[in-house]
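A.B. asks: structure, please.
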Amino acid sequence: MGKTSLRVLGQTPLNAEPPCLVELTKHTITPLHLAYARNHSVIKDLASEFDSYTVKLDGEMEGMEEKVLNVKDMIASFPKKVVVAALICAGNRRAKMQENTGKEVRGIKWSEGTIANARWGGVLLRDILISAGIPEQVDAQKGFHVCFASNVAPCEDDTSYGGSIPLEEVMAEDGAAMLAYEMNDEPLTPDHGFPLRVVVPGYFGMRWVKWVDRITISRNESPNFYQQRDYKMLPECASTPEKAIQEDWWGRTPAMQRLNCNSVVAHVTPTAHSPISRVEISADGGETWHEVRITYREGSWSWSLWEGEVVVDIDVDALEWAGHGQRNGRSKTKVTVISRAFDKSGGAQDTDCRWNLRGVGFCGVGVGSVEV
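C.D. replies: The predicted model follows:
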């Protein structure tokens, strides 16, 4: 992986995240050493196979041409697309869900750092699929799915890794789904999918399949474990793995796809799918809210960084010295700031995000505290 500044939560497969949100959010574009690692298999270094690496394109859509694309030829034959997009793990903030609800969740106890805002370079999937005869008319695309697969290494719960998204999303004229070969203007590293990975801006990271080697157009979603039996926000009544299976909640619950509206508080000092349109903060538990200033946003798919000020009234005479302690001869108290976000489509952060067995999709209020 090279230089890294990550907190390791699992060695095999490697799973790690930045230990500090303050450091992560100092950068508008996430440097590689702070980009989280999420894997369901060992990391394969395919540098020696680059010249011969191929992606098979097949499916059941009438009129499409099955192809085997050599990566080098693909890069030379199709125009390059560059997009800034946030890669976010569906389990981001899982530890916070467990802390807030007091109920155990299944999975790696991620904090709030499994997000990376990167500049991705690659070939639009739309261009590749059109070249294979996939129709551009939306009506002809409905009911089909684009299934991505990586057969490079066996995974923890399946013989390969896979996932899918609706065909019409990939084919959208204003979309940016791509096969990426660059991250932050450099070739992908092995841990981020070299030589080729799927990038689907606006979707959770489990659909951004690394080391992709097969793309199938199907009338059904991917049959892979990670589409059918994971990454679903099961209802609260599915409280155990056994109950989820016995009552078929995995089959009855839709797979997670698009990002939800979310925000976190990275740092508080005493003095981020539709694009986020505004963020508000509160220092009185949500009684009053104050809009903040968005300091960075790039295009439609990046994260939004923000900062704001809120006035807090503190009755120093009413502070209990024993409860709050002293600093330099003066009493001190803790001020907590919470955040909530809104997107351009009118969606709002679900600040009362409910518990689910896998602890995915948590989007409760962001929380930060400081002693003053």
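A.B. asks: name the SS class of residue 72, please.
C.D. replies: helix (DSSP: H, G, I helix; E, B strand; the rest coil).
A.B. asks: for residue 121, that is, sorry about that
C.D. replies: strand.
A.B. asks: list the contacts of it.
C.D. replies: By CB atoms under 8 Å, 6 or more residues apart in numbering, residue 121 lies in contact with 80-82, 180-183, 185. Where you see a C-beta, it was placed from the backbone N, CA and C, and this is true even at glycine.
A.B. asks: one more pass at 10 Å, please.
C.D. replies: Counting by CB atoms under 10 Å, 6 or more residues apart in numbering, residue 121 touches 75, 80-83, 178, 180-188, 199.
A.B. asks: restricted to strands, list the residues you listed.
C.D. replies: Within the contacts of residue 121, residues falling in strands by DSSP state E are 81-83, 178, 180-183, 186-187, 199.
A.B. asks: filter those down to the buried ones.
C.D. replies: 81, 83, 178, 180-183, 199 (16 or more other CB atoms under 10 Å).
A.B. asks: would you mind checking which helix or strand in this protein has the lowest mean pLDDT?
C.D. replies: helix 321-324 (a mean of 45; mean pLDDT, DSSP states H and E).
A.B. asks: what's the spacing between the closest residue to residue 178 other than its chain neighbours and residue 198?
C.D. replies: In space, and not counting its chain neighbours, residue 178 is closest to residue 122: 4.1 Å by CB to CB, 6 or more residues apart in numbering. Going from residue 122 to residue 198 by CB to CB, to the nearest Å gives 9 Å.
A.B. asks: any common contacting residues for these two?
C.D. replies: Counting by CB under 10 Å, 6+ apart, the residues touching both residue 122 and residue 198 are 177-180.
A.B. asks: which two from these end up farthest apart in space?
C.D. replies: Based on CB to CB, the longest span within the shared contacts of residue 122 and residue 198 runs between 177 and 180 and measures 9.9 Å.
A.B. asks: what do these two both touch?
C.D. replies: Common neighbours of residue 177 and residue 180, counting by CB under 10 Å, 6+ apart, are 81, 83, 122, 198-199, 208.
A.B. asks: where along the stretch 1-150 of the chain do the strands fall?
C.D. replies: Secondary structure of the stretch 1-150 of the chain (DSSP state E, counting those that start in this stretch): strands at 7-10, 15-17, 54-59, 67-70, 81-88, 115-124, 145-150.
A.B. asks: got a pLDDT number for residue 372?
C.D. replies: Residue 372 carries a pLDDT score of 69 in this model.
A.B. asks: what residue ranges in the stretch 1-150 of the chain score low on pLDDT?
C.D. replies: Where the stretch 1-150 of the chain drops to pLDDT under 70, the residues are 1-4.
A.B. asks: pull the contacting residues for residue 310.
C.D. replies: 268, 280-284, 288-290, 292, 335, 337.
A.B. asks: please report how far the residue nearest to residue 290 when sequence neighbours are not counted lies from residue 145.
C.D. replies: For residue 290, ignoring the flanking residues on the chain, the nearest one in space by CB to CB, 6+ apart is residue 310 at 5.1 Å. With distances taken as CB to CB, residue 310 is found 45 Å from residue 145.
A.B. asks: how about the strands of the stretch 1-150 of the chain in a markdown table, adding distance to residue 131?
C.D. replies: What follows is the strands of the stretch 1-150 of the chain, written out as a markdown table (distance: least, CB to CB, whole Å):
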| stretch | distance to residue 131 |
| --- | --- |
| strand 7-10 | 39 |
| strand 15-17 | 36 |
| strand 54-59 | 9 |
| strand 67-70 | 8 |
| strand 81-88 | 14 |
| strand 115-124 | 10 |
| strand 145-150 | 14 |
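A.B. asks: can you tell which of these is closest to residue 217?
C.D. replies: Across those, closest to residue 217 is strand 54-59 (CB to CB), at 2.9 Å.
A.B. asks: packing partners for that closest one?
C.D. replies: With contacts defined as 3 or more CB pairs under 10 Å, 6 or more residues apart in numbering; DSSP states H and E, strand 54-59 has these neighbours: strand 67-70, helix 71-77, helix 125-131, strand 145-150, strand 214-218.
A.B. asks: okay, buried residues for the first one please.
C.D. replies: Taking 16+ other CB under 10 Å as the basis for neighbour counts, the residues of strand 67-70 that come out buried are 67, 69.
A.B. asks: circling back to that earlier point, what's across from the residue nearest to residue 178 in the sheet?
C.D. replies: residue 81, residue 180 (DSSP bridges).
A.B. asks: now for it, how many residues are close by?
C.D. replies: Here the count is done by other CB atoms under 10 Å, and residue 122 has 25 residues near it.
A.B. asks: cool, and residue 131?
C.D. replies: Count around residue 131 with other CB under 10 Å applied: 15.
A.B. asks: now swap in residue 193 and tell me
C.D. replies: Residue 193, neighbours per other CB under 10 Å, totals 25.
A.B. asks: per-residue pLDDT, it?
C.D. replies: According to the model, residue 193 scores 98 on pLDDT.
A.B. asks: from the contacts of residue 310, pick the one nearest residue 260.
C.D. replies: residue 280 (16.9 Å).
A.B. asks: quick check: that closest one vs residue 306, distance?
C.D. replies: Here the criterion is CB to CB. By it, residue 280 lies 10 Å from residue 306.
A.B. asks: so these two - more neighbours on which side?
C.D. replies: Neighbours per residue, other CB under 10 Å: of residue 280 and residue 306, the larger number sits with residue 306, 24 against 21.
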